[in-house]
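K.L.:
Below is the structure, and that's it, no one-letter string:
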Ligand SMILES: C[S@@+](CC[C@H](N)C(=O)[O-])C[C@H]1O[C@@H](n2cnc3c(N)ncnc32)[C@H](O)[C@@H]1O
């Protein structure tokens, strides 16, 4: 990414806090589905996880809780989001860093067994993909796996036509062929690719690329995927955020929270 574009992207995501905190409080079903998919597919013996584009750090925190033996690192281009993540979620096996993963100088000095990208791959400019794939190639361990959740081109097209305000500064189409190309670049195999219907039919996909696909018994962790309960998430926001600015105090969010919490018809846990 050129410097000018990087500054624009960073400034945009520095202002993304309220959106991500609201997603956390209300349990955005897109993120819930992606975290569960990743918890179910990351191998139980995994010793290190890198969460790229971790935002405010919710997914990173859930991975660190679910895989307590692993060291977990989140990276994000936004310094505001990285510092919010540090404030909200502290665990001994968890750290956060600000970094632009498209930059030539991006390096972390060690390989990871699992690399996760939740709603991030579409925000990497197509022209930066070769450099980004080079970073992933170096950052993934010999037996590593990459887990990706992204909107489908169907959803991107719908956004462009009906809700362009929902688009972010870089918002590319990501296809099955793109995932196959990434697998080739990493000398791995695309071992999962399935469409998910979160709000509309086939609006997202979940993918896994493995360097050395493993044929093994499904462990109990497959059934045990779980996120922090909603009430605990609410309490955490009051503990670590300035409560006057807490998005839950906005009438529309409070109404949605109470309705879905007490009527038990919530799309979230
Ligand atoms: C749509 S948000 C997703 C955040 C979080 N993973 C989630 O699903 O809620 C995209 C995230 O990717 C980050 N991001 C975008 N471009 C990036 C880049 N070049 N390097 C690192 N992070 C980037 C943004 O700052 C933002 O937090």
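P.N.:
In hand now; what should we look at? Everything quoted here is computed from the prediction, not taken from an experiment. Numbering: from 1, shown residues only.
K.L.:
what about the longest strand in this protein?
P.N.:
As assigned by DSSP state E, the longest strand anywhere in the chain is strand 140-151.
K.L.:
pLDDT on that strand, on average?
P.N.:
In this model, strand 140-151 has a mean pLDDT of 97.
K.L.:
And for stretch 111-130?
P.N.:
pLDDT averaged over stretch 111-130 gives 98.
K.L.:
same question, stretch 54-67
P.N.:
Here the average pLDDT along stretch 54-67 is 97.
K.L.:
thinking again about what came up before, list the buried residues of the longest strand of the chain.
P.N.:
140, 141, 144, 145, 146, 147, 148, 149, 150, 151 (16 or more other Cβ atoms under 10 Å). To be clear about C-beta, it is placed using only N, CA and C from the backbone, and glycine gets the same treatment.
K.L.:
Which elements pack onto that strand?
P.N.:
When contacts are defined as 3 or more Cβ pairs under 8 Å, 6 or more residues apart in numbering; DSSP states H and E, strand 140-151 packs onto helix 29-41, strand 112-118, strand 204-210.
K.L.:
if we can go back for a sec, ok, so of the buried residues of strand 140-151, who is nearest residue 115?
P.N.:
When the buried residues of strand 140-151 are compared for distance to residue 115 (Cβ to Cβ), residue 146 wins out at 4.8 Å.
K.L.:
How about stretch 140-154 and the ligand, any contact?
P.N.:
No. For a cut-off given as Cβ under 6 Å from any ligand atom, stretch 140-154 has no contacts with the ligand; the smallest distance is 7.6 Å.
K.L.:
gap between that stretch and the chain center?
P.N.:
How far stretch 140-154 lies from its chain's middle: 10 Å, per Cα atoms, centre = their mean, to the nearest Å.
K.L.:
Quick check: residue 69 is in a helix.
P.N.:
No. The assignment for residue 69, made by DSSP: H, G, I helix; E, B strand; the rest coil, is coil rather than a helix.
K.L.:
Chain neighbours aside, what residue packs nearest to it?
P.N.:
Once flanking residues are discounted, residue 69 sits nearest to residue 47: 6.9 Å by Cβ to Cβ, 6 or more residues apart in numbering.
K.L.:
What strands line up against the longest strand of the chain, and which way round?
P.N.:
strand 112-118 (parallel), strand 204-210 (antiparallel) (DSSP bridges).
K.L.:
List the contacts of residue 49.
P.N.:
Contact analysis of residue 49 by Cβ atoms under 8 Å, 6 or more residues apart in numbering lists 42, 63-64, 67, 70-73, 112-116.
K.L.:
tell me the SS of residue 59?
P.N.:
Residue 59 is classified as helix under three-state DSSP.
K.L.:
what's near enough to touch it?
P.N.:
Contacts of residue 59 (Cβ under 8 Å, 6+ apart): 31, 34, 35, 38, 51, 116, 118.
K.L.:
Please list which of the residues you listed also come close to the ligand.
P.N.:
Among the contacts of residue 59, the ones lying near the ligand by Cβ under 6 Å from any ligand atom are 31, 118.
K.L.:
which residues does the residue nearest to residue 41 when sequence neighbours are not counted bridge with?
P.N.:
Of all residues not flanking residue 41 in the chain, residue 208 sits nearest, at 5.5 Å (Cβ to Cβ, 6+ apart). Beta-bridge pairing of residue 208 under DSSP bridges involves residue 147, residue 192.
K.L.:
For residue 208, grab the count of nearby residues.
P.N.:
For residue 208, the neighbour count with other Cβ atoms under 10 Å is 23.
K.L.:
what's the spacing between it and residue 29?
P.N.:
Residue 208 sits 20 Å away from residue 29, going by Cβ to Cβ, to the nearest Å.
K.L.:
can you check residue 239 too?
P.N.:
Taking Cβ to Cβ, one finds residue 239 at 25 Å from residue 29.
K.L.:
Ranking helices and strands of this structure by mean pLDDT, which lands last?
P.N.:
Ranking every helix and strand in the chain by mean pLDDT, DSSP states H and E puts helix 221-224 at the bottom, with a mean of 68.
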